[in-house]
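> No sequence on hand, only this structure:
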Ligand SMILES: Nc1ncnc2c1ncn2[C@@H]1O[C@H](COP(=O)(O)OP(=O)(O)OP(=O)(O)O)[C@@H](O)[C@H]1O
């Protein structure tokens, strides 16, 4: 487990048995004078879920953007299969098997599920000038692929907009698996979902992992991360505050890191200076960060 000592973390590669598919070594990104990410090292292995946790502004989006080819890093290294890379476009990342499922899924709500499954990569039959969409094959393949992932929908003709948020995420995951993703980046897939739907999405994250994909699971929610995660990275203000394997960190510790136990303790100390605030009445930081029962609020 590595904690807040960022200088130690710089350039340090987490131990691994095989070459990671994706690896960051002391990687960072500045936008002009703003340093959004600094000295981040992490590795993504096939068949493992690598979680990236962090509060607003922690640098999660910047990290996704580097790996998915939207932005280039300005410090450190970014490697795919052990080879340093610098993507200019998301297409280049996709060609290396890195697929990103964003929170606001790029789907056309009024189009059927099968049509969305193949959106932008439609199957065709015949040759020019009579080439046309191979609808029967697309429907059959979409149905098979969704079932392979354990996703059973009543009707693939229904507009994707009529599915629940969780089901749409699952279709997007199955789609990425079908189109050959080796690494799946999931950007807060459970953020807008209730308890039950979050559970469904977590199940398909595990299914993608079991199919041998390396999954990068971005989330605010340590409980969701801990249900499926193999390795946990907590970002704070652009740096890696924790990098730990599952065996090295408990859910309570992870929750405490996310909530910033030290910051809460400092805040309590500051409040003690303010007249009229009885700090003895305030909960201890560990009480504030203790796991909560699964309420709808505890799901986002
Ligand atoms: N294009 C940009 N130009 C300037 N600063 C940026 C840019 N993108 C991000 N930042 C800054 O970098 C820091 C990290 O932002 P980032 O969006 O990566 O965090 P995040 O963890 O994804 O937060 P959120 O959960 O709120 O999306 C923030 O201080 C943000 O203001």
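Perfect, thanks for sending it. Predicted model only: the values in this text are computed from it and were never measured.

> tell me the mean pLDDT over the strand or helix carrying residue 115?
Element membership for residue 115 (DSSP states H and E) is helix 113-117. When pLDDT is averaged along helix 113-117, the result is 89.

> So which elements touch it?
The contact analysis (3 or more Cβ pairs under 8 Å, 6 or more residues apart in numbering; DSSP states H and E) places helix 113-117 against helix 135-148, helix 165-178. C-betas here are computed from N, CA, C, even on glycine.

> Now do the very next helix or strand once past that helix: everything it contacts.
Using DSSP H and E, the helix or strand that follows helix 113-117 in sequence is strand 124-125. Residues outside strand 124-125 that contact it (Cβ atoms under 8 Å, 6 or more residues apart in numbering): 131-134, 137.

> out of these, who has the most neighbours?
In terms of neighbours by other Cβ atoms under 10 Å, these top out with residue 134 at 16 neighbours.

> what's near enough to touch it?
122-125.

> By neighbour count, which of those residues wins?
The most crowded member of the contacts of residue 134 is residue 123, carrying 15 neighbours; neighbours defined as other Cβ under 10 Å.

> And that residue, what's its pLDDT?
Confidence at residue 123, expressed as pLDDT, is 89.

> and it, what does it touch?
Residues counted as contacts of residue 123 (Cβ under 8 Å, 6+ apart) are 133-134, 137-138, 141.

> which one of those is nearest residue 96?
Of all those, residue 96 sits closest to residue 141, with 23.5 Å by Cβ to Cβ.

> show me the residues around that closest one that make contact.
117, 123, 178.

> Take these and write them to JSON lines, including distance to residue 79.
JSON lines is the format used below for the contacts of residue 141 (distance: Cβ to Cβ, whole Å):
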{"residue": "117", "distance to residue 79": "31"}
{"residue": "123", "distance to residue 79": "34"}
{"residue": "178", "distance to residue 79": "26"}
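
> now the residues you listed as JSON lines including distance to the ligand?
Formatted as JSON lines, those follow (distance: Cβ to the nearest ligand atom, whole Å):
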{"residue": "117", "distance to the ligand": "28"}
{"residue": "123", "distance to the ligand": "35"}
{"residue": "178", "distance to the ligand": "28"}
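
> which of those residues lies closest to residue 67?
Nearest to residue 67, judged by Cβ to Cβ, of the contacts of residue 141 is residue 178 at 20.7 Å.

> which bits of this protein sit near the ligand?
Taking Cβ under 6 Å from any ligand atom as the contact definition, the chain meets the ligand at 31, 34, 36, 54, 56-62, 238.

> Buried ones from those residues, can you make that a ChimeraX selection?
This is how ChimeraX selects the buried members of those, with burial counted by 16 or more other Cβ atoms under 10 Å:
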select :36,54,58,59,60,61,62,238
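
> List the buried residues of stretch 141-156.
Neighbour-count burial for stretch 141-156 flags 141-143, 145-146, 149, 151, 153, 156 (criterion: 16+ other Cβ under 10 Å).

> And stretch 88-102, by the same measure?
93-94, 96-101.

> Closest to the ligand out of these?
Closest approach to the ligand among the buried residues of stretch 88-102 (Cβ to the nearest ligand atom): residue 100, at 13.3 Å.

> Strand partners (parallel or antiparallel) of the helix or strand the closest one falls within?
Element membership for residue 100 (DSSP H and E) is strand 98-101. Using DSSP bridges, the strands paired with strand 98-101 are strand 183-187 (parallel).

> How about residues contacting the strand it pairs with?
If you take Cβ under 8 Å, 6+ apart as the criterion, strand 183-187 is touched by 21-22, 44, 60-61, 64, 67-68, 97-103, 169, 173, 176-177, 205, 208, 213-218.

> Those, buried ones only, as a PyMOL selection?
For the buried members of the contacts of strand 183-187, the matching PyMOL selection, counting by 16+ other Cβ under 10 Å, is:
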select buried, resi 21+22+44+60+61+64+67+68+97+98+99+100+101+169+173+176+177+205+208+213+214+215+216+217+218
